[in-house]
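S.K.: here is a sequence with its predicted model. Questions after.
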Amino acid sequence: MTSAVLDEALKKAALAWVAVGDGPALALWVLPLDGTLIVVSGPGEQFAPGLAEATRATVRLRGDNGGLIVITEAAVSRIAPGSDEWTEVAPQLAAKRLNATGTADEVAARWAATGCAVVRLTPVAEQPVVERPDLPASSGAAEPRDSPARVETPRPFRLHRVKRR
């Protein structure tokens, strides 16, 4: 039995913040399907380390205004290529994938060939759902992690003084 807020958030989800274990919460593109969320990750797709091997994950969903409205624990199940579930879910997921090259069937075949993980996140009924007023007061934002992509941009060179109006 899930809450009404969680049901509505699952129906409208396009992006979810998913954390595996003690790892950071990552923003992942998701497809809502029958009260669950479907996620693809792997080579050439979004980066979600440890999600395919995990059994549980913490999912944070946002509302219409972009703010956090619900936090829930979800069971993670990997969908195997070639299974009946794969033939039902993968083409739907591939059809919603923006900027994919090829048809939905070609994209799903590429996912299967390259070892991409398609997983289903199902809210766990036994776990309590955290919603208002029990949501954390802090923003949940963390300092950016060190990355070689973070470099200081030098100011542009000006030969002469620029007058401000």
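M.R.: Looks like it came in fine.

S.K.: just for this structure, where's the confidence low?
M.R.: 1-2, 127, 131-132, 134, 139-140, 150 (pLDDT under 70).

S.K.: in it, where's the longest strand?
M.R.: strand 68-79 (DSSP state E).

S.K.: what pairs with that strand, and is each one parallel or antiparallel?
M.R.: strand 56-62 (antiparallel), strand 117-123 (antiparallel), strand 130-131 (antiparallel) (DSSP bridges).

S.K.: let's have the ones you listed in JSON lines, adding distance to residue 48.
M.R.: (C-beta placed from N, C-alpha, C; glycine too.) Below are those laid out as JSON lines (distance: least, C-beta to C-beta, whole Å):
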{"stretch": "strand 56-62", "distance to residue 48": "9"}
{"stretch": "strand 117-123", "distance to residue 48": "8"}
{"stretch": "strand 130-131", "distance to residue 48": "22"}
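
S.K.: what residues of the following helix or strand past the longest strand of the chain count as buried?
M.R.: Next helix or strand after strand 68-79 toward the C-terminus (DSSP states H and E): helix 84-96. In terms of neighbour count (16 or more other C-beta atoms under 10 Å), helix 84-96 has its buried residues at 86, 89, 90, 91, 93, 94, 96.

S.K.: which residues does the residue minimising distance to the centre of the chain bridge with?
M.R.: In the chain, the residue lying closest to the centroid (C-alpha atoms, centre = their mean) is residue 28, at 1.7 Å. Residue 28 has these beta-bridge partners by DSSP bridges: residue 16.
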